[in-house]
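Enquirer: sharing a sequence plus its predicted fold:
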Number of protein chains: 2
Amino acid sequence: MSAIKSFKELSDHLKSQSIRKKMAVANPVDDHSIEAVMHAVDEGIVEAYLVGDADIINKKLEGQKNIAFTHVIDVKDPQEACVEAVKMVKFGKCDFLMKGLVNTDVILRVVLNKEFGLLPKGRVMTYCSILNIPGYHKLAIFTDPAVIPAPSKEQRIEMIKYAISTAQRFGIEKPNVALLHATEKPNPKIAFMQDYVDIVEMWKNGEFGKDCVIDGPMDVFIAMDKERGGIKNVPSPILGEADVLMFPDFQSANCFYKGLVSFGGAGMAGMLQGTEKPVVLNSRSDSAECKFYSICMAALLA
Amino acid sequence: MSAIKSFKELSDHLKSQSIRKKMAVANPVDDHSIEAVMHAVDEGIVEAYLVGDADIINKKLEGQKNIAFTHVIDVKDPQEACVEAVKMVKFGKCDFLMKGLVNTDVILRVVLNKEFGLLPKGRVMTYCSILNIPGYHKLAIFTDPAVIPAPSKEQRIEMIKYAISTAQRFGIEKPNVALLHATEKPNPKIAFMQDYVDIVEMWKNGEFGKDCVIDGPMDVFIAMDKERGGIKNVPSPILGEADVLMFPDFQSANCFYKGLVSFGGAGMAGMLQGTEKPVVLNSRSDSAECKFYSICMAALLA
């Protein structure tokens, strides 16, 4: 498999596979959710299990052409619908979970419940996203814009491992992981700087395996912009070729991606990681494209 | 004066004024510095006092057409050149300072010296930048991508006051100041969140004057993107119309602007604030355009 370098290549790749991944959707009783689900169904990427009020869902499905790949499970109460959808993933009926019209904290409570939840004890739960930036020659996998405000070293190590594994599933054999900061100079006054230094040291000692490169601290120019980053003459094996961006904190990841979505024409996809199976948590403010590619990302990784 | 909405409008405005601001340049013995200086001289924006090795500087000035507006002060030693240039600003011969080929920490030590330095005792020194983003309908003044890693509340208050005053010098009568975060929800676990809440309260009590609007926390979408920010239905008087962006920390400001410079076609200008007079600290990796517009910014504010 050659590396997937854009969202277009991602959906083309999934379409070329003759497997539909099974997706459990919790309470898709709104037009936005149904639209995103049916887009992925129509493209041949998923088979959808729609858990919610069957009267509402069936009405919304009227006129859809690929209804054969949708299954409606009638559960009137939204929270109960979350429970049912999570169980379908937990017990192997479905490959991944997607949130419909339900508050994020409601579904997360079910995902995190001890009895039949999706997060194994002791695992770090984080959010991993992908940016498809028209001006960048590959996808930028980045972590974490939404869940962990200020990761500890232990959390960063897990986040990097998830992201490397994600990159490899995208066909990137030896992903370049950039530990981002405002500058390439390690400033000892900044809390996470020693974590960065330690993580690079761990990588040198082989603790992340042989099939990745980890370097930092470095700025966005060195990580992603050969021309501007090159002027500084900082010797980095990553220069302009980052596949994975580890951000200092979730504010910096969040501001970075929203700037590029609004003003750089970038597309964005994302999902929870650390859970046994992918969890797609689209929000109402995400674009239809973002929702579709988040489903694609989960379908590839599931 | 109508509001300046782009870098083009900034240089046009300065060219339309018949005053050249006087700029002291510390050690401009490299092509990059001379090029940036002469661009601003040729546009009629500044008169330049070039402090450094006269043999080198005069050679580099050969063939320049507006040599009448340049003055070479012969100081062979780079650090001594900084001292002389700072003194020219301190004692009123020049309106602002610009760094040539000298390390930032060397010139900063001179700027900060107690005897003839440019930072009044007790003043907060910070970095204020401007992004000219093709997709945004106005300039985005933002703080701080470079100097204060994690501002305290007191520092934030000063940074906001500087930025408001900067916006007003750009003709923005009532600037909108967005206190940025990953989301609009104030998360009490995050250190600076209470500072944001307090600052909005101070604004409501009139402590920032009547001629500004301060709101937050909010994300980049709410601050700068009416369409995407509007979907959330968060009632903000700023929605999509931020003039000033206060970032959570310098990493987020830094990642944001570098992303947009590399992939959003954005231009960038910046200078130190808090000093008696503007200080332009271009680095070698800044583009010629960035250097020119930083000089323009300083010339407007000096």
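Expert: Happy to help now that I have it. Since the model is a prediction, treat every value here as computed from it, not as a measurement. Residues are numbered from 1 along each chain as shown, chains lettered A, B, ... in the order given.
Enquirer: hmm, the biggest helix by length in chain A touching chain B?
Expert: Assignment by DSSP state H gives helix A:153-169 as the longest helix of chain A. No - applying C-beta under 8 Å from any C-beta of the partner chain, one finds helix A:153-169 separated from chain B by no less than 14.1 Å. The C-beta positions use only the backbone N, C-alpha and C, and glycine is treated the same way.
Enquirer: could you pull out the strands for the stretch 151-300 of chain A?
Expert: Ranges of strands within the stretch 151-300 of chain A are A:176-180, A:213-218, A:244-246, A:267-273, A:279-280, based on DSSP state E, counting those that start in this stretch.
Enquirer: now mean pLDDT too, for those strands, in TSV please.
Expert: Listed next are the strands of the stretch 151-300 of chain A as TSV, based on pLDDT from 0 to 100:
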stretch	mean pLDDT
strand A:176-180	98
strand A:213-218	98
strand A:244-246	98
strand A:267-273	97
strand A:279-280	98
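Enquirer: for A:Met23, list the residues it contacts.
Expert: The contact partners of A:Met23, taken as C-beta atoms under 8 Å, 6 or more residues apart in numbering or on different chains, are A:37, A:40, A:46-49, A:94-98, A:295, A:298-299.
Enquirer: downstream of the helix or strand encompassing A:Val72, the next helix or strand is which one?
Expert: Using DSSP states H and E, A:Val72 sits in strand A:70-74. Per DSSP H and E, the first helix or strand lying C-terminal to strand A:70-74 is helix A:78-90.
Enquirer: packing partners for that following helix?
Expert: Helices and strands touching helix A:78-90, by 3 or more C-beta pairs under 8 Å, 6 or more residues apart in numbering or on different chains; DSSP states H and E, are strand A:21-26, strand A:46-52, strand A:96-99, helix A:104-111.
Enquirer: so can I have TSV of those showing distance to A:Ala163 and mean pLDDT?
Expert: Output for the helices and strands packed on helix A:78-90, formatted as TSV (distance: least, C-beta to C-beta, whole Å; pLDDT from 0 to 100):
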stretch	distance to A:Ala163	mean pLDDT
strand A:21-26	21	98
strand A:46-52	23	98
strand A:96-99	18	97
helix A:104-111	20	95
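Enquirer: mind putting these into CSV with distance to B:Tyr196?
Expert: CSV is the format used below for these (distance: least, C-beta to C-beta, whole Å):
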stretch, distance to B:Tyr196
strand A:21-26, 33
strand A:46-52, 37
strand A:96-99, 28
helix A:104-111, 22
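Enquirer: of all the ones you listed, which one is nearest B:Leu272?
Expert: For the helices and strands packed on helix A:78-90, proximity to B:Leu272 was assessed by C-beta to C-beta; helix A:104-111 is nearest, at 41.5 Å.
Enquirer: give the next helix or strand downstream of the closest one.
Expert: Where DSSP H and E defines the elements, the next helix or strand beyond helix A:104-111 is strand A:126-132.
Enquirer: ok, that next one: who's next to it in the sheet?
Expert: Paired with strand A:126-132 in the same sheet, following DSSP bridges, are strand A:140-143 (antiparallel), strand A:267-273 (antiparallel).
Enquirer: tell me which of those strands sits most buried.
Expert: When you average the neighbours per residue for each of the strands paired with strand A:126-132 (mean count of other C-beta atoms under 10 Å in any protein chain shown), strand A:140-143 leads with a mean of 26.
Enquirer: how far out from the middle of the chain is that strand?
Expert: 8 Å (C-alpha atoms, centre = their mean, to the nearest Å).
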